[in-house]
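> Provided below are the primary sequence and the corresponding predicted coordinates.
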Amino acid sequence: MLSIFFMILIFLASIFASLGFIHIFQLNSYRHVRFLRWAKENKAKFLPYVLVLVLTLIFSLVNNVIGFPFVVIVSVIIAFLSMKKKAKKPLVYTKRVQRLLVTISILELFLALSSLIFKADPLLSAVGFGFTPLIVLLADVINKPIEKSINNYYINDAKKILKSAKGKLKVIGITGSYGKTSVKFYLTSLLSSEFNVLCTPESFNTPLGVVRTVRSSLSAMHDIFVCEMGAKNVGDIKEICDIVSPDHGVITSVGPQHLETFKTLDNVKKTKFELAEEIEGNLFLNGDDENITAYNKNPNAIYYGFSEKCDYRAEIISVSMHGTEFKITKKDGTSCEYSTKLIGTLNVLNIVGAVAVSNTLGIPLESLKPQVRKLSVVPHRLELINRGNVSIIDDAYNSNPSGAKAALETLSLFDGMKILVTPGMVELGEKQDECNYNFGVQASSVCDFVAVVGKKPPQQSILRGLKDSGLSEDKIFSADNLNEAITKVYSLSSDKRKIILLENDLPDNYL
């Protein structure tokens, strides 16, 4: 009976320990390759499980009576400590996670019962705990056919809903290496003055995120569906286009992002322009992005930006602590002045893109003035927060080289002690070291103080860039975590207002 009790304990320890690895698996988009890459970069996290396997082997050969209880106690402690760690973004218990837990439970139960049924060494049931990370992946492989069947059902249902709305509903697809979420929300706000608009919420830019939006929120009352389209692999944009069949498209930027999976910048360009190949209506492009203008083959594309070649051009930009004022001029010479509480030229660029689409769809420039004035900041995207004698520019959403550079340019516009807090950039493949190093160089020319969060290769590259470009040691701080970095920068003494740029906030699987 005591053996059964210990087997129940180690079974429960295995299930609770698996939650930590499921969490990492979820943060890595349920991709086996990315999970294994994380495992390779975080070998130390697997040492407790290797210890259990070693102890199991030793006690199997030496002393069962003492061994099994000891291994169980060690396993329970490991499981408890793994659960105790607080995550920035907790595990979301989706239906997929629930199904994964059921399969893991069956596999762990099978190992435990095998020891009893075949009267095998009870220590063998501890093997299940030692192999917890692999069992999580095995469970996902077993569940693959089920997941694929469920996903296909949801996708086909969403297609039926969209097909029934054909003729009345216009779909606008938005993609880009950065700026797509901001343009999506700004465009939705502007169009809502004259149309009933639905957009994908937050960063729901995957096929299943789009499908979920359509199935749960699209109704016969909607005139326009603004659909954000994200991508990490060639073909990802086309996959979403096959679901929603976009009428119009916006490409906000093309740059070195997710190179870990894209491999090359050419693949990024090809993937973003999958949207251009799928639409029959208007194609709106950032005319200041050389990667876009050089790649585009659509002679009727509508360009927006700051240069004179653009069909919608922003000029006379004035930025203050209270927001930004600017003028938009069309190619035919007509123009309109706007003001917004949003800050930075990057936000202006995104607003110009939204104005270009709205005006092309029939809303006069003058009618858009109050809508632009009412635009709300998209959380964690150059969001200005004033707290006493400190101003925080929250740009914590996943960063990229172009976006990071634009954020530094925004920081440079402010008067005060300019401070950067960042863990750097990830998912840049072979370019990761170079991009983070360049980011450090760029930051040194703008910032009075830089706090680098984390001590892995991306952060080390930033530190080298800062030091090589001449920023003194007393103006650089290497922090273990975000809280330590924030505490440090708040403790700095200055007779000027502190302007703190929070650039990027990596999830747990990168720190």
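Noted; the coordinates are in hand. Residues are numbered from 1 along each chain as shown.

> Quick check: next helix or strand after the strand or helix carrying Ser3?
According to DSSP states H and E, Ser3 maps onto helix 2-27. Going down the chain from helix 2-27, the next helix or strand is helix 32-41, by DSSP H and E.

> Need the contact partners of that next one.
With contacts defined as C-beta atoms under 8 Å, 6 or more residues apart in numbering, helix 32-41 is touched by 24-25, 28, 45-46, 133, 137, 140, 260, 456, 509. The C-beta positions use only the backbone N, C-alpha and C, and glycine is treated the same way.

> tell me the angle of the helix holding Ser3 relative to helix 32-41?
For helix 2-27 against helix 32-41, the angle by axes from the mean of the first three to the mean of the last three C-alpha atoms, to 10 degrees is 110 degrees.

> helices or strands next to the helix or strand bottoming out on mean pLDDT in the chain in the packing?
Using mean pLDDT, DSSP states H and E, helix 64-84 stands out as the lowest-scoring helix or strand of the chain, at a mean of 81. Secondary-structure packing of helix 64-84 (3 or more C-beta pairs under 8 Å, 6 or more residues apart in numbering; DSSP states H and E): helix 2-27, helix 47-61, helix 127-130.

> how many other residues sit next to the closest residue to Lys45 other than its chain neighbours?
Leaving aside its chain neighbours, Lys45 sits nearest to Ala39 (8.0 Å; criterion: C-beta to C-beta, 6 or more residues apart in numbering). Counted by other C-beta atoms under 10 Å, the residues lying close to Ala39 total 17.

> Would you mind confirming that Arg381 is in contact with Lys184?
No: Arg381 is beyond contact range of Lys184, at 11.1 Å (criterion: C-beta atoms under 8 Å).

> out of those two, which sits in the busier spot?
The neighbour count for Arg381 versus Lys184, taken as other C-beta under 10 Å, is higher for Lys184 (29 against 22).

> and that one, what does it touch?
With contact set as C-beta under 8 Å, 6+ apart, Lys184 has these partners: 174, 199-200, 226, 228.

> Keep only those of the residues you listed that are in strands.
174, 199, 226, 228 (DSSP state E).

> so what's the second one bridging to?
What it means is Cys199. Val226 (DSSP bridges).

> and it, how many neighbours?
Applying other C-beta under 10 Å, we find 22 residues neighbouring Cys199.

> If you rank the ones in strands among the contacts of Lys184 by neighbours, which is first?
Neighbour counts for the ones in strands among the contacts of Lys184 (other C-beta under 10 Å) peak at Ile174, which has 30 neighbours.

> show me what contacts that residue?
Contacts of Ile174 by C-beta under 8 Å, 6+ apart are 180, 183-184, 187, 226-229, 249-250, 252.

> For it, which non-adjacent residue is spatially closest?
Here the residue nearest Ile174, using C-beta to C-beta, 6+ apart, is Val250, at 4.5 Å.

> and which of the ones in strands among the contacts of Lys184 is nearest to Leu502?
Nearest to Leu502, judged by C-beta to C-beta, of the ones in strands among the contacts of Lys184 is Glu228 at 22.7 Å.

> Go ahead and confirm the closest one touches Glu202.
No: with contact defined as C-beta under 8 Å, Glu228 and Glu202 do not form a contacting pair (9.2 Å).

> So which of the helices and strands packed on helix 64-84 is nearest Gly429?
Among those, the nearest to Gly429 by C-beta to C-beta is helix 2-27 (18.5 Å).

> Give me the angle between that closest one and helix 64-84.
Going by the same axes, to 10 degrees, helix 2-27 makes 30 degrees with helix 64-84.

> can you give me the angle helix 2-27 makes with helix 47-61?
Using the same axes, to 10 degrees, helix 2-27 lies at 150 degrees relative to helix 47-61.

> list the buried ones in helix 2-27?
6-7, 9-11, 13-27 (16 or more other C-beta atoms under 10 Å).

> quick one: the nearest residue to Lys166 once chain neighbours are set aside from Ile66, how far?
Nearest residue to Lys166, sequence neighbours excluded (C-beta to C-beta, 6+ apart): Ser245, at 7.9 Å. Per C-beta to C-beta, to the nearest Å, Ser245 is found 66 Å from Ile66.

> between these two, who's got more neighbours?
Using other C-beta under 10 Å, the more surrounded residue of Ser245 and Ile66 is Ser245, with 15 against 10.

> any idea how far the more buried one is from Lys238?
Here the criterion is C-beta to C-beta. By it, Ser245 lies 11 Å from Lys238.

> Could you pull out the residues contacting both of the two?
Contacts common to Ser245 and Lys238, judged by C-beta under 8 Å, 6+ apart, are Glu278.

> Compute the first-to-last residue distance for stretch 389-402.
Taking C-alpha to C-alpha, to the nearest Å, the first and last residues of stretch 389-402 lie 29 Å apart.

> got a pLDDT number for the residue nearest to Lys45?
Looking at Ala39, its pLDDT reads 92.

> ok, now which ones touch Thr94?
Applying C-beta under 8 Å, 6+ apart, we find Thr94 in contact with Gln26.

> That one and Leu506: what is the separation?
For Thr94, the distance to Leu506 - C-beta to C-beta - is 22 Å.

> Please apply the same query to Lys43.
Look at Lys43 and Leu506: by C-beta to C-beta, they are 19 Å apart.

> Of these two, give the one with the bigger neighbour count.
Between Lys43 and Leu506, Leu506 has the larger neighbour count (other C-beta under 10 Å), namely 22 against 9.

> residues in contact with the closest residue to that one other than its chain neighbours?
Leaving aside its sequence neighbours, Leu506 sits nearest to Pro423 (C-beta to C-beta, 6+ apart; 4.8 Å). Pro423 is in contact with 452-454, 458-459, 482, 504-506, 510-511, counting by C-beta under 8 Å, 6+ apart.

> that older thread, out of the ones in strands among the contacts of Lys184, what pair is the most spread apart?
Ile174 and Cys199, at 9.0 Å, using C-beta to C-beta across those.

> what do those two both touch?
Residues touching both Ile174 and Cys199 by C-beta under 8 Å, 6+ apart: 184, 187, 226-228.

> thought Glu239 was touching Leu208?
No: with contact defined as C-beta under 8 Å, Glu239 does not reach Leu208; the gap is 10.4 Å.
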